[in-house]
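> sequence first, then the predicted structure:
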Protein chains: 2
Amino acid sequence: MIDIQVRKLKELGLKITPQRLAVLDFLDGNTSHPSAADIYLSLRKEYPSMSMATVYNTVDVLAKNGLLLELPITKDRMNYDPDTSEHDHAFCSRCGRIFDVFPDGAAGVPATRAAELDGFRVVAVRKVYYVVCKDCEGK
Amino acid sequence: MIDIQVRKLKELGLKITPQRLAVLDFLDGNTSHPSAADIYLSLRKEYPSMSMATVYNTVDVLAKNGLLLELPITKDRMNYDPDTSEHDHAFCSRCGRIFDVFPDGAAGVPATRAAELDGFRVVAVRKVYYVVCKDCEGK
DNA sequence: GTTACTGCAAAGCTTTTGCATCCCT
DNA sequence: AGGGATGCAAAAGCTTTGCAGTAAC
């Protein structure tokens, strides 16, 4: 799983460092949509020398190369999603959690339509539902 | 146009101050999707005493009461849209401009569907297209 | 007269930058 | 050996907060 991303980074002439592997490993299969600080704090235990600058450098590199999605959801911070398949997100303003929302077939806008918009070249699309989740609705 | 918003603020027990009126007047019909700094810099001329704190206070009040949309598009800043009708946005990463994208009938997800999502209560929806606009595509 | 709002300054956070050192290739 | 990556610290932005004074109602 990570091998594919490592291969792609190598193809791009980017170096494979322990720090980058650690970030990739942390993100692999992670559906919590962590922020840079979340990543940093989690890796700090295993890699005490890890710095925020390296986390930012790594997520930027991954995002620029399509291996990671950047999710601008609130004004507080950026969140990241290693799942680059076409899907949306739901953000609960009460608990702050971010949920994946996968299109149920007919509802999604076809990718072909999104590729051209008012004559603009579409590079990416983000759709966010601001919700109150089940857990929070019950108080 | 502004009268409707003033009325709503009054109904909510909020005070109508010259600063709030100035912000409302600036935003009325404004399709540039300004940031807080944009609003501040524009009003500074006419209202030299205006402060950023007041701009933030005002846009927060307006957004909380549904008179203004908050657009989290980049990690740089929040942008605001006085047009609260159902529509999306396109952000050009080259020039930084934000364009309105109105649904062309069939394409939009019906509001009724958005009101319930995986059992979550949907409060708002934001869809952003990250694009390269016509002007920038031509270099 | 109350209560909320304003404005200023300071603080808080996230993110970026500069630079010397390090290490992947 | 070379060039990118790391890590530290400082800086830069945006946004928030505290508080005294002020103005709307």
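Structure's in. What do you need?
> any idea which helix or strand in chain A has the lowest mean pLDDT?
helix A:111-114 (a mean of 50; mean pLDDT, DSSP states H and E).
> now for the longest strand that chain A contains, which elements pack on it?
Longest strand in chain A, counting residues (DSSP state E): strand A:120-132. Helices and strands in packing contact with strand A:120-132 are listed as strand A:69-72, strand A:88-92, strand B:88-92, strand B:120-132, helix B:134-137; criterion 3 or more Cβ pairs under 8 Å, 6 or more residues apart in numbering or on different chains; DSSP states H and E. Any C-beta I mention is one placed from the backbone N, CA and C, and that applies to glycine too.
> could you export the longest one as CSV, CA atoms only?
The C-alpha trace of strand B:120-132 is given here as CSV (Å, rounded to 0.1, in the frame of the first residue of the first chain):
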residue,chain,number,x,y,z
PHE,B,120,-26.7,13.6,10.4
ARG,B,121,-28.5,16.9,10.4
VAL,B,122,-27.0,19.0,7.7
VAL,B,123,-26.6,22.7,8.5
ALA,B,124,-24.7,23.9,5.4
VAL,B,125,-23.0,22.6,2.3
ARG,B,126,-20.0,24.0,0.6
LYS,B,127,-18.6,22.9,-2.8
VAL,B,128,-15.5,24.4,-4.2
TYR,B,129,-13.9,23.8,-7.6
TYR,B,130,-10.1,24.4,-7.6
VAL,B,131,-9.5,25.6,-11.1
VAL,B,132,-7.2,27.5,-13.5
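> quick one: strands adjacent to it?
If you go by DSSP bridges, strand B:120-132 pairs up with strand A:120-132 (antiparallel), strand B:88-92 (parallel), strand B:116-117 (antiparallel).
> contacts only, for A:Asp25.
A:Ile2 (Cβ atoms under 8 Å, 6 or more residues apart in numbering or on different chains).
> surely A:Leu71 meets A:Arg126?
Yes: at 6.8 Å, A:Leu71 counts as touching A:Arg126 under the criterion of Cβ atoms under 8 Å.
> which neighbours do these two have in common?
Both A:Leu71 and A:Arg126 are contacted by A:His89, under the criterion Cβ under 8 Å, 6+ apart.
> can you count the residues close to A:Leu69?
19 (other Cβ atoms under 10 Å in any protein chain shown).
> next, give phi and psi for the closest residue to it other than its chain neighbours.
In space, and not counting its chain neighbours, A:Leu69 is closest to A:Asp81: 4.3 Å by Cβ to Cβ, 6 or more residues apart in numbering or on different chains. Main-chain dihedrals, A:Asp81, degrees, to the nearest 10: phi -130, psi 120.
> what's the spacing between A:Asp81 and chain B?
15 Å (Cβ to the nearest Cβ, to the nearest Å).
> that residue against A:Leu67, yeah?
No: using Cβ under 8 Å, A:Asp81 is not in contact with A:Leu67, being 10.8 Å away.
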